[in-house]
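Q: The amino acid sequence is not available; the structure is as follows:
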């Protein structure tokens, strides 16, 4: 299924509808919708041939984020930041594997070196 396919567009529209419900605003627009659009644009700039899965993940990574308080993460803000770093590292590895043709070993090495876990 190619990016731009009807199902892909429907999924993006569904994510956007949910994020448009964010009561917090950024520049007069729902904050999580703005963030989703910003991350989508960033991924497309880094990897113009990004996989559909990566684009969907980027678009919905904070789906309905306002419903979960950062303080609910283990260790509070530190736990929240660790969770974000982990997800960001996974996105980079996915981009490396799909757009830059990294091997599995290159992806694992990057993840361990940057995230500090294995």
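A: Great, that's in hand. It should be emphasised that the depicted structure is a prediction, and the values quoted were computed from it without experimental measurement.
Q: okay, now residue 32: neighbour count?
A: Other residues near residue 32 come to 25 when the count uses other CB atoms under 10 Å. From N, CA and C alone the C-beta is placed, and that goes for glycine too.
Q: what's the answer for the one 4 residues further on, then?
A: Neighbours of residue 36 under the rule other CB under 10 Å: 25.
Q: list the helices and strands the helix or strand encompassing it packs on?
A: Residue 36 is part of helix 31-46 when elements are defined by DSSP states H and E. Counting contacts by 3 or more CB pairs under 8 Å, 6 or more residues apart in numbering; DSSP states H and E, helix 31-46 is packed against helix 6-19, strand 25-26, helix 52-60, helix 76-99.
Q: Give me the contacts around the longest one.
A: By CB atoms under 8 Å, 6 or more residues apart in numbering, the residues outside helix 76-99 that reach it are 43, 46-51, 53-54, 57-58, 61, 70-71, 73, 75, 102-104, 106-107, 110-111, 114-115, 117.
Q: what do you get for the first one?
A: Defining contact as CB under 8 Å, 6+ apart, one finds that helix 6-19 is touched by 1-2, 30, 32-33, 35-36, 52, 55-56, 59-60, 62-64.
Q: Could you measure from the residue nearest to residue 54 when sequence neighbours are not counted over to residue 39?
A: Of all residues beyond its chain neighbours, the one nearest residue 54 is residue 94 (5.2 Å), with distances taken as CB to CB, 6 or more residues apart in numbering. Noted for residue 94: a distance of 13 Å to residue 39, by CB to CB, to the nearest Å.
Q: Repeat that for residue 63.
A: Taking CB to CB as the measure, residue 63 and residue 39 are separated by 12 Å.
Q: Compare neighbour counts for these two and give me the winner.
A: The neighbour count for residue 63 versus residue 39, taken as other CB under 10 Å, is higher for residue 39 (19 against 13).
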